[in-house]
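K.L.:
I'd like to go over a predicted model; first the sequence, then the structure.
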Amino acid sequence: MNLTIDRGNSSTKLTLWDDGRAAYAVTVADLTADGLCRFAGGKRFDGVILSAVAPVAAEAEEAARTLGRRYVRLSADTPTPLDFSRYDISRLGADRIAAAVGARSVVGRGPLLVGDLGTASTFDFVDAGNCFRGGVGMRLDALHDHTSLLSAITAEATGPLDCLEWTGCDTAGAMSRGAVAGTVGELLYYKSLCPADTTIVLTGGYSDIVNKSIPRNVDVVCCDNLTGLGLNSILNHNEA
């Protein structure tokens, strides 16, 4: 059994994998040595892999290292099932590497447009250049933080973009739906730049909301633990 640790900007997802399938997953606010030890419950795993886009305390990483017979800290130098050799990924977030690998695992073949819609949104073509834009949550936070009267709100599903109600009927609705619709617009724009047979693969906390707002004639695959799936695939790829 493997343990994947996905340290994101807002939370950390711990997943146990058995024969390529997620056996158990939990999301925690922070990554700590004590938390990892409690999660493991005295067990030692075949392999442990850590992906981090936020700082990880040395004690937490050491705990992760001791929990596995094999340990991998995902970086640009880590061998993966995909060929990244044509591109400089040394400044690319480890989660984006893992999500690309996970998308290929889910769909089985490219081309793929991978959208990770969390605190920030990232869009990647699995073997091409990468683009970064502020995501749904950051857009709503920015509207609240940098204005005097706009309230802090959460995103809501808008329905397909051809629906007349997508603009919202009040300020909060317009903010929420505008943040979602803007992300949908980005996704469809990037899709228009890809080969016609490109499959869209979505993950992240806002993926379900955004997917509900995409026109019905666009094929989309959603996977709520795409990064974890990719991490497990990378860990198995590096099996000693």
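P.N.:
Structure received. Numbering: from 1, shown residues only.

K.L.:
all strands of the protein, in order?
P.N.:
Remark: strands assigned in the chain by DSSP state E are 2-7, 12-18, 21-28, 45-52, 68-73, 112-117, 121-125, 130-133, 199-203, 220-222.

K.L.:
Show me what the fifth one is packed up against.
P.N.:
Using 3 or more C-beta pairs under 8 Å, 6 or more residues apart in numbering; DSSP states H and E as the contact criterion, the secondary-structure elements in contact with strand 68-73 are strand 45-52, helix 58-66, helix 226-237. No exception for glycine: its C-beta is placed from N, CA and C like everyone else's.

K.L.:
returning to that earlier point: any chance of the strands of the chain in TSV with mean pLDDT and distance to Tyr189 as columns?
P.N.:
Shown next, in TSV, are those (pLDDT from 0 to 100; distance: least, C-beta to C-beta, whole Å):
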stretch	mean pLDDT	distance to Tyr189
strand 2-7	96	27
strand 12-18	95	29
strand 21-28	93	30
strand 45-52	96	28
strand 68-73	95	34
strand 112-117	87	11
strand 121-125	80	9
strand 130-133	28	10
strand 199-203	92	12
strand 220-222	93	15
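
K.L.:
what's the closest of those to Ser192?
P.N.:
strand 112-117 (10.1 Å; C-beta to C-beta).

K.L.:
Who are the contact partners of Tyr24?
P.N.:
Counting by C-beta atoms under 8 Å, 6 or more residues apart in numbering, Tyr24 makes contact with Thr15, Leu16.

K.L.:
give me the beta-bridge partners of it?
P.N.:
Leu16 (DSSP bridges).

K.L.:
Return the distance of the closest residue to Arg65 other than its chain neighbours relative to Thr15.
P.N.:
Counting by C-beta to C-beta, 6 or more residues apart in numbering, Tyr71 is the residue found nearest to Arg65 once chain neighbours are left out, at 4.6 Å. Distance from Tyr71 to Thr15, counting by C-beta to C-beta, to the nearest Å: 16 Å.

K.L.:
do Thr227 as well
P.N.:
Distance, Thr227 to Thr15, by C-beta to C-beta: 9 Å.

K.L.:
residue ranges with poor pLDDT in the protein?
P.N.:
Confidence mapping of the chain against pLDDT under 70 gives the ranges 86-87, 127-178, 240.

K.L.:
rewinding a little: measure how buried the residue nearest to Arg65 is and give me the count.
P.N.:
Neighbourhood size, Tyr71 [other C-beta atoms under 10 Å]: 19.

K.L.:
tell me the contacts of it?
P.N.:
Gly47, Val48, Ile49, Leu50, Ala64, Arg65.

K.L.:
nearest spatial neighbour of the first one, skipping sequence neighbours?
P.N.:
Right, the one you point to is Gly47. Leaving aside its chain neighbours, Gly47 sits nearest to Arg70 (4.2 Å; criterion: C-beta to C-beta, 6+ apart).

K.L.:
so that neighbour makes contact with Glu239?
P.N.:
Yes: assessed by C-beta atoms under 8 Å, Arg70 is found in contact with Glu239 at 7.0 Å.

K.L.:
Between these two, tell me which one has more neighbours.
P.N.:
Arg70 (16 against 10).

K.L.:
what's near enough to touch Gly204?
P.N.:
Contact partners of Gly204, counting by C-beta under 8 Å, 6+ apart, are Gly115, Asp116, Leu117, Gly118, Ser121, Gly135.
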